[in-house]
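Trainee: Model the structure of this input:
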Amino acid sequence: MKQKITFILCLLLIGGLRLNAVEVSTFADFKTAVEAGGDVVVAADLENATLSSITLTKDVNISAKSGRVKMDNVLFSIESDINFSIKGIIAFCSSEEKTPSKILVNIPANVAKVSSLTVEDCEVYDYTICFLKALGETEIPTISVKNTVVHDLNTGNPTNAAIMLQKAKVSKATFNNVTFYKCQGGGYYSNDATTPIDFSMEKVSFIDCGDADAGLAGSKDIINFAANASSKYTLKDCLISGSYTNKAFSFKSVRLRATTGKFTITNSLSYKVNVYALANPATELYTMPLTATALTVDYDKKAITTTPATIKGIGSSYFSLNGAITGITRENLTSDFYITDSEVVSKEISDITVYAISGTPVMEQRDVNNLSIASLNKGIYLVKVATKDGKTSIKKFIKK
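Mentor: Here you go, the predicted model:
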């Protein structure tokens, strides 16, 4: 019995924090720690009265200690080849100063490469320029955005999309459970025609993006790509909605329909948005799998209704669709894994083990991101999820 109790205590003491992480609770300490690189854990909201630039030259992983923390008036300037990761942060810009530019993550034109950009469990808003901007031909092998909301950007400045990559050479961009709404300059813009991209969106919502007044110069499409016949685009369970019919989700490439496997759309809805590829000299319009005759967005209640109301299961979890939350619930956005009545779901490929409260393992699978627990008897259990980077998390749950 003593061994079993010790075993359970050890499980509960296993933490998700990495060794040698620096914990900070003031903006001054945050700036110092982030510029030094490594793992930085934010333990409290960071108040910063003026817009401040933080120069990044070393790999850095920024995360909230618990839940999500607020971070005001910060500009990250990536000045060299690094891996940049930010998790569990609510980033916003309250400053009315005109300089520096109101961008959350900026990559200057002289930076040759940034190895990876990762954003998880974040909310970004009130940056009047954009969320991410690359000014030159920077090589970016991987961009990953998960469980994140980006809203109220580019206000009065629709010349920039929320993610403005210009001629940056991005090889892979993945978006999962992400909402873009009220981004006047559009959502994602790339004008690089030289680098094939593997572009994937799953459970992503674009709502009233690219909807700057028609009289404002520079108003962007919701999504825009330059021509590259070798690129691959995948949309799954996505909702793309605009208020102006001239807005578009556009792929300025060769005829994608004739290029097998390059352009895939499943269970997705485009409402008042053209989805097309420009193939000189003709425009080829693509029909989304789902159609609606009406779509209404209630921003206060974070709700979307469609006609017909039978459309379900599309878009991110930030908004409910016809009264039902899509994707994972908002309460689970800041967790490494979550547990439903029928399964354990991890955000990363992991080894998942379920233990009886006695400490006896009753179920295990390796190298998965979900494990069915539907067959478990009623009772109290512990779940251990071990990711490939060595991080381990433990939760207790009651199977009813």
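Trainee: And Gly379, how far from Ser358?
Mentor: 10 Å (CB to CB, to the nearest Å). Every C-beta, even on glycine, is put in place using the N, C-alpha and C of the backbone.
Trainee: ugh, wrong one, I meant Tyr299
Mentor: Distance from Tyr299 to Ser358, by CB to CB: 49 Å.
Trainee: for Val41, same thing?
Mentor: Counting by CB to CB, the gap from Val41 to Ser358 is 33 Å.
Trainee: now Ala168
Mentor: Distance from Ala168 to Ser358, counting by CB to CB: 54 Å.
Trainee: Kindly report the same for Ile311.
Mentor: On the measure of CB to CB, Ile311 and Ser358 end up 46 Å apart.
Trainee: More neighbours: which of these two?
Mentor: Ile311 (21 against 13; other CB atoms under 10 Å).
Trainee: The more buried one touches Leu321, doesn't it?
Mentor: Yes - contact status for Ile311 versus Leu321: in contact at 7.1 Å, counting by CB atoms under 8 Å.
Trainee: Please enumerate the shared neighbours of those two.
Mentor: With contacts taken as CB atoms under 8 Å, 6 or more residues apart in numbering, Ile311 and Leu321 have no neighbour in common.
Trainee: quick one: the strands in the stretch 151-300 of the chain?
Mentor: Ranges of strands in the stretch 151-300 of the chain, per DSSP state E, counting those that start in this stretch, are 163-164, 169-183, 188-189, 198-207, 223-225, 232-236, 239-241, 248-251, 263-266, 269-271, 274-279, 282-285, 294-298.
Trainee: Next, format these as CSV and append mean neighbour count.
Mentor: Shown next, in CSV, are these (neighbours: other CB atoms under 10 Å):
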stretch, mean neighbour count
strand 163-164, 26
strand 169-183, 23
strand 188-189, 26
strand 198-207, 24
strand 223-225, 24
strand 232-236, 19
strand 239-241, 27
strand 248-251, 24
strand 263-266, 17
strand 269-271, 23
strand 274-279, 19
strand 282-285, 11
strand 294-298, 13
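Trainee: Nearest to Ala49, out of these?
Mentor: strand 169-183 (25.6 Å; CB to CB).
Trainee: Please work out the angle formed by the directions of that closest one and strand 294-298.
Mentor: 80 degrees (axes from the mean of the first three to the mean of the last three CA atoms, to 10 degrees).
Trainee: which strands and helices sit next to strand 169-183?
Mentor: Helices and strands touching strand 169-183, as assessed by 3 or more CB pairs under 8 Å, 6 or more residues apart in numbering; DSSP states H and E, comprise strand 139-153, strand 198-207.
Trainee: could you dump those strands to CSV with mean pLDDT and distance to Asn106?
Mentor: Listed next are the helices and strands packed on strand 169-183 as CSV, based on pLDDT from 0 to 100; distance: least, CB to CB, whole Å:
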stretch, mean pLDDT, distance to Asn106
strand 139-153, 94, 13
strand 198-207, 93, 22
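Trainee: so can I have JSON lines of those showing distance to Gly185?
Mentor: As requested, these are exported to JSON lines (distance: least, CB to CB, whole Å):
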{"stretch": "strand 139-153", "distance to Gly185": "7"}
{"stretch": "strand 198-207", "distance to Gly185": "12"}
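Trainee: wait, which of the ones you listed is closest to Tyr276?
Mentor: With CB to CB as the measure, strand 198-207 is the member of those nearest Tyr276 (15.4 Å).
Trainee: May I have the strands that pair with that closest one, each with its orientation?
Mentor: Sheet neighbours of strand 198-207, with direction, are listed as strand 169-183 (parallel), strand 232-236 (parallel), strand 239-241 (parallel) (DSSP bridges).
Trainee: Quick one: those as JSON lines, columns for distance to Val111 and mean pLDDT too.
Mentor: Output for those, formatted as JSON lines (distance: least, CB to CB, whole Å; pLDDT from 0 to 100):
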{"stretch": "strand 169-183", "distance to Val111": "12", "mean pLDDT": "94"}
{"stretch": "strand 232-236", "distance to Val111": "26", "mean pLDDT": "89"}
{"stretch": "strand 239-241", "distance to Val111": "31", "mean pLDDT": "90"}
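Trainee: any chance of the ones you listed in TSV, with distance to Ile223 too?
Mentor: Listed next are the strands paired with strand 198-207 as TSV, based on distance: least, CB to CB, whole Å:
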stretch	distance to Ile223
strand 169-183	10
strand 232-236	9
strand 239-241	8
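Trainee: For Cys130, give me its contacts.
Mentor: Ile103, Leu104, Leu153, Asn154, Asn160, Ala161, Ala162, Ile163, Met164, Gly185.
Trainee: returning to that earlier point: compare the strands paired with strand 198-207 and give me the one nearest Asn73.
Mentor: Per CB to CB, nearest to Asn73 of the strands paired with strand 198-207: strand 169-183, 19.6 Å.
Trainee: can you pull the pLDDT of Arg255?
Mentor: Arg255 is assigned a predicted lDDT (pLDDT) of 51.
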